[in-house]
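A.B. asks: Sharing a model prediction with you, sequence too.
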Amino acid sequence: MIKNKKKLFSVASDLVFSIAGLVLMNGVLQLLINPTLNKWLGDDAFGDYQSILAVVSVLGTTFGVAANYSRMVRAREHKDTNGDYNIILAVVALLCVGVSVVTLIVYKSFSTAHFLLLTVLMIATVLRYYGDVNYRIKLNYKGFFIYYAITTVGYCLGLLLFKYVSEEWMLTFIAGEAAAVIFVFFHGDIFRGKKLMSPSDGFGKTVKSTGILSAPNLLNSLAFQSDKIILGIAIGGEAVTTFYVATLLGKVVSLLTTPLNGVLIGYLTKYEGRFTKKMFAVFTAALLGVGIVALAGCYVASTIFVKLFYPGVYDEAKQYFFLANAGQIFYFIANCLMTVILRLASEKFQMYISIGYIIIYAATVIPLTITYGLWGMTAGLLVANAAKFIITSIVGFVKAENKHFQEATE
């Protein structure tokens, strides 16, 4: 019993450190960085900034998180794969160059300075999303917390750079992402070693694993960020700002998926016990209960937070608080279930679910937004994310059985 209590305390402690790191970073972003940038840039330019940053986030979560999760899964084989992932990230860096050019042309903001800044920001963001694997793979969540605390300090320093050195908002985020990457370079071991760019014998498996995980991450990230991209192109910067503010707290909850899933996959990777249908059903019901409580909290908190920090768009945004945040909460709990499925079945099931999700998303969100504007976006996201939760629940329940994880994933 003492042993079980120690283990439970260890898991709870890891979860607290993991969530605290992300809450600190996102708390500073939402309470200081974004309100300040909104004040300095204005609603229209702030919306444009959110749209471009959404593209950066898509790249980071697609390739950085995919490499991160792939390494967590492959850690069971106890192989030195630094070179494998560094090679993959180098290829992604080249991709960032092309995406940077296209993004700036689409948003009619191309210049040599903007190109260099956006390319550096994209690469640094991918590396930052990948970099926390140095701590999660060792279940070192105190180090994980420090990693994101340093990122947060970097953002704050970057805000000062934006204000007093150069009026380029990208400097704010480059400073934060670069601080994290530099920290893990000197403090960790994933970016160092004799075989820095040398592929291992299992390089092909690493590429396959990362590629398979990148596909659903790309689809999920596009869906998560596309409200800013679609609204920015179809309606304009002010619409992006309104919807961003309306869904802000729901998206903050959604961002907790990362630390929660990090702890889940860290322990599930090492777990060799049984995971039954009943266990999955209880876990799903618990997540749904958490989601309901979170939705109520988001609705009440939004009426206070938005009026305090974004008074200029409060009257327009308040009508979307409940339904828009409900869509974000469904996204959060569905992605938590996706992590469990990663251990119950092979990576391809995540891709199947994500493909189904993006089809539903495209069939609802895009036409509804074009036809009904912000209300269409709100309704479409709610339908698509609720459908993802239902599909993920069904797949997880079907795949859960009285087998060891290792047997289930073969």
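C.D. replies: Looks like it came in fine.
A.B. asks: what's the pLDDT at the most centrally placed residue in the chain?
C.D. replies: Central residue of the chain (Cα atoms, centre = their mean): Thr61, 5.3 Å from the mean position. The confidence metric pLDDT takes the value 86 at Thr61.
A.B. asks: What spatial separation is found between it and Thr152?
C.D. replies: 19 Å (Cβ to Cβ, to the nearest Å). Glycine gets a C-beta too; all of them are placed from N, C-alpha and C.
A.B. asks: go on, Val365?
C.D. replies: Taking Cβ to Cβ, one finds Val365 at 32 Å from Thr152.
A.B. asks: Next: Tyr320.
C.D. replies: For Tyr320 relative to Thr152 (Cβ to Cβ), the value is 29 Å.
A.B. asks: Tell me the confidence at Thr119?
C.D. replies: So Thr119 comes in at 96 (pLDDT).
A.B. asks: Identify the residues contacting it.
C.D. replies: Cys96, Val97, Ser100 (Cβ atoms under 8 Å, 6 or more residues apart in numbering).
A.B. asks: so what's it closest to, chain neighbours aside?
C.D. replies: Distances taken as Cβ to Cβ, 6 or more residues apart in numbering put Ser100 closest to Thr119, at 4.3 Å, once the chain neighbours are dropped.
A.B. asks: For that neighbour, give me phi and psi.
C.D. replies: phi -60, psi -40 (degrees, to the nearest 10).
A.B. asks: what do you get for Arg74?
C.D. replies: phi -80, psi -10.
A.B. asks: What helix or strand is Phe191 located in?
C.D. replies: Assessed by DSSP states H and E, Phe191 sits outside every helix and strand.
A.B. asks: Now do the same contact list for it.
C.D. replies: If a contact means Cβ under 8 Å, 6+ apart, then Phe191 has Asn82, Asn86, Gly131, Val181, Val184, Phe185 as its contacts.
A.B. asks: Next one: the residue nearest to Ile229 when sequence neighbours are not counted from Lys228, what distance?
C.D. replies: Excluding its sequence neighbours, the residue lying closest to Ile229 (Cβ to Cβ, 6+ apart) is Ala54, at 5.4 Å. Note on Ala54: its distance to Lys228, by Cβ to Cβ, is 4 Å.
A.B. asks: got it, and Ile88?
C.D. replies: For Ile88 relative to Lys228 (Cβ to Cβ), the value is 27 Å.
A.B. asks: And the two? Which one has more around it.
C.D. replies: Using other Cβ atoms under 10 Å as the criterion, Ile88 and Lys228 rank with Lys228 on top: 26 against 23.
A.B. asks: List the residues that contact Leu295.
C.D. replies: Gly250, Phe322, Asn325, Ala326, Ile329.
A.B. asks: what's the helix or strand for it?
C.D. replies: Judged by DSSP H and E, Leu295 forms part of helix 277-309.
A.B. asks: now for the following helix or strand past that helix, which elements pack on it?
C.D. replies: Once the chain leaves helix 277-309, the next helix or strand it forms, by DSSP H and E, is helix 314-317. Using 3 or more Cβ pairs under 8 Å, 6 or more residues apart in numbering; DSSP states H and E as the contact test, the elements touching helix 314-317 are helix 237-246, helix 277-309.
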